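Participant: I'll drop the sequence and a predicted model, then ask my questions.
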Amino acid sequence: MSVYQQIVRTYFFVVTWMSISMAVIMFNKWILAYYGFPYPLALTMWHMFFCSSVAFVLVRVLKVVKSIGMSSKDYQRRVVPIGLLYAASLWLSNSAYLYLSVSFIQMTKALMPGLVYMIGCIMGTEVFTPKVTFNMVVIAIGVAIAAYGELNFVMIGVVEQLSSLLFEATRLMLVQVLINSQGLGMNPIQSLYYVSPACFVCLSIPFMALEFPLISERIESGSLIVSPYIMLGNAFAAFALNLAVFLLVGKTSALTMNIAGVLKDWILIWMSASVFAAPVSTLNLVGYFLAFLAVCYYNNHKLQQMKSREKANAKDEEEGGKKEDN
C-alpha cells in the first residue's frame, strides 16, 4: 500500500468514527431533551437490547464472529461486574443530557485521563508519580474553571456526569484486569455479545422502579408518541459506533483515536452552541483550553513511554538474538 493510500485510509476511518460519534451524541441529546422522551434508562436499555440481538445473530446464527467459550462462572466473575459499571455509566451519562449542554458535557470528559490514572493507581495498574499527578491536578483545575463559567450549571446534571465518568474509568480498569490480563481480548462484536445482556439486566432493575410507571401512565393517557423509525435509527447509530471504534483502532492506532477525539470535542462544542443554542462563555473556553493543553501533554507523555518500552523490547530481542548466534 502506497503512502497516499495509507493517508486516505486513515482519514477515512477517522472521519467515519468522528461523524458517527458526534451523530450519536447529538441524536441522544435531541431524543432525551427535545423529542419528548426524557427516559434515559429506557433509551439505554433499548440500545443494549438492540446490540445484544444483533451480536447474537452475528455470533450464534450467522457465525460471522466466534465466541470465546466463556464458562458461566467466568461470565459472572469477569463480565457481570463490567456490565454493571457500564450500565451505570451509560445511564448517568444519558441522564446528564436532560440538564446539561453537550458542550459542557464534552468539557467535563477531559477529566477521564485523571480518573483512569487515579483508579489505576488504586488497582495497581498505574504507577504513582508526582509529575503525572500534577498534570492531572491541572486538568481538574481547567475543568473546574469551565464549570464555574457554565451559564446553565445544574448540580444534579454535574453530579450525574461526574459519576458517569467515575464508573467508566473503573470499568476500563476492570476490563484491563479481568479481561485483557487473562488473554480474553474481545473485538466489539464479542464485547457486545457478552456485556450487553448483563448491562440490559442491570438496567432493568432501576427501570422498573423509576421509569416504567411513568411510561405506562403516559401510554395509557396517549401522551407518549414515539416513532419506531427514530428509535431504530438511534439504536443502529449506537451499534455502528462500536464498529467504527473497532475499525479506527484496528486499522490505525489508539493514539490516532485520541488525537481525533480532541478535534471531535471542539467540533461538538461548536455544534452544541449552533444546533441547540447552548451558551458557551469565555470562562468556559478558557478553562477547557487549559484542561485541553494538560490532556495533550499527558498523551504525549504516554506516547514517549510507549516508544521507550518498544525500544527496550527491541534491544532485548536484539541482545537475545546475538546470544543465540554465539
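Facilitator: Structure received.

Participant: contacts and neighbour counts: CA atoms only from here.
Facilitator: OK.

Participant: how about K63, secondary structure?
Facilitator: coil (DSSP: H, G, I helix; E, B strand; the rest coil).

Participant: Disregarding flanking residues, what is the spatial nearest neighbour of it?
Facilitator: In space, and not counting its chain neighbours, K63 is closest to V57: 7.7 Å by Cα to Cα, 6 or more residues apart in numbering.

Participant: Neighbours of the one you found, how many?
Facilitator: For V57, the neighbour count with other Cα atoms under 10 Å is 15.

Participant: before we move on, what about L172?
Facilitator: For L172, using other Cα under 10 Å, the count is 16.

Participant: Which strand or helix spans the spatially closest residue to it that is not a sequence neighbour?
Facilitator: Nearest residue to L172, sequence neighbours excluded (Cα to Cα, 6+ apart): V116, at 7.6 Å. Using DSSP states H and E, V116 maps to helix 112-123.

Participant: repeat for K29
Facilitator: Following DSSP H and E, one finds K29 within helix 3-33.

Participant: quick one on the thing from earlier: name the residues of the helix holding V116 that are buried.
Facilitator: Across helix 112-123, burial judged by 16 or more other Cα atoms under 10 Å covers 112-120.

Participant: Rounded mean pLDDT for it, please.
Facilitator: Mean pLDDT, computed over helix 112-123, is 88.

Participant: Just the CA coordinates for the helix or strand following it, please, in CSV.
Facilitator: Going down the chain from helix 112-123, the next helix or strand is helix 130-148, by DSSP H and E. Extracted in CSV, the C-alpha atoms of helix 130-148 (Å, rounded to 0.1, in the frame of the first residue of the first chain):
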residue,chain,number,x,y,z
PRO,A,130,4.3,13.4,41.3
LYS,A,131,4.8,14.7,37.7
VAL,A,132,1.7,12.9,36.3
THR,A,133,-0.3,13.7,39.4
PHE,A,134,0.4,17.4,39.0
ASN,A,135,-0.6,17.1,35.3
MET,A,136,-4.0,15.6,36.5
VAL,A,137,-4.4,18.4,39.0
VAL,A,138,-4.0,21.0,36.2
ILE,A,139,-6.7,19.1,34.2
ALA,A,140,-9.0,19.2,37.2
ILE,A,141,-8.4,23.0,37.6
GLY,A,142,-9.2,23.6,34.0
VAL,A,143,-12.5,21.7,34.2
ALA,A,144,-13.3,23.5,37.5
ILE,A,145,-12.8,26.9,35.7
ALA,A,146,-15.1,25.7,32.9
ALA,A,147,-17.7,24.6,35.4
TYR,A,148,-17.5,27.9,37.2
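
Participant: What is helix 130-148 packed up against?
Facilitator: Contacts defined by 3 or more Cα pairs under 8 Å, 6 or more residues apart in numbering; DSSP states H and E place helix 130-148 against helix 102-108, helix 112-123, helix 282-325.
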